[in-house]
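**Student:** Take this sequence and fold it.
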Amino acid sequence: MAKGGKTLGEEALQQVARRFAVLGEPMRLRILQSLMDGELPVNSLVEATGGTQTNVSRHLQTLAAAGLVARRREGAQVFYSVADPSIFELCELVCGGIRKSLAAQAGSLR
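**Tutor:** Numbers count the residues shown, from 1 in each chain. Below you'll find the predicted structure:
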């Protein structure tokens, strides 16, 4: 699984699987996409994603537990930011692959 012929141990594979599981939810991807330009308070994330306060908060807890987002409190507001920017590299790789696949499909329909 690892590049360069190195294999990952069982614990590392479990961590990779957990990270992919966390990213397997569209609302969590919307939240991460909303945070690409910097930290936002929860109410802004609710507005940006179109979710409910309860739903967005639940997904933020999952993302925080996975170490993908960080939170800080300022008065009554809680602000979230991306804790692991490498997640955007992963998303770009996946999105790039999807774009190529869709382009190839569109080309074959002509």
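**Student:** For the chain, just list every one of the strands.
**Tutor:** Remark: strands assigned in the chain by DSSP state E are 40-41, 69-74, 77-82.
**Student:** Residues touching the second one, excluding its own?
**Tutor:** Contacts to strand 69-74, defined as C-beta atoms under 8 Å, 6 or more residues apart in numbering, come from residues 31-32, 35, 39, 60, 63-64, 78-83. To be clear about C-beta, it is placed using only N, CA and C from the backbone, and glycine gets the same treatment.
**Student:** got the angle for that strand vs strand 77-82?
**Tutor:** Going by axes from the mean of the first three to the mean of the last three C-alpha atoms, to 10 degrees, strand 69-74 is angled at 150 degrees with respect to strand 77-82.
**Student:** So what are the sheet partners of strand 69-74 and their directions?
**Tutor:** Paired neighbours of strand 69-74 in the sheet (DSSP bridges): strand 77-82 (antiparallel).
**Student:** What is the lowest-mean-pLDDT helix or strand in the chain packed up against?
**Tutor:** Here the helix or strand of the chain ranked lowest by mean pLDDT, DSSP states H and E is helix 86-108, holding a mean of 79. Secondary-structure packing of helix 86-108 (3 or more C-beta pairs under 8 Å, 6 or more residues apart in numbering; DSSP states H and E): helix 26-34.
**Student:** Next, format the strands of the chain as JSON lines and append distance to residue 13.
**Tutor:** Below are the strands of the chain laid out as JSON lines (distance: least, C-beta to C-beta, whole Å):
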{"stretch": "strand 40-41", "distance to residue 13": "33"}
{"stretch": "strand 69-74", "distance to residue 13": "23"}
{"stretch": "strand 77-82", "distance to residue 13": "24"}
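**Student:** Quick one: closest of the ones you listed to residue 6.
**Tutor:** Comparing the strands of the chain against residue 6 with C-beta to C-beta, the closest turns out to be strand 77-82 (27.0 Å).
**Student:** That closest one: which residues count as buried?
**Tutor:** The neighbour-count check on strand 77-82 (16 or more other C-beta atoms under 10 Å) flags 79-80, 82 as buried.
**Student:** Good, wrapping up.
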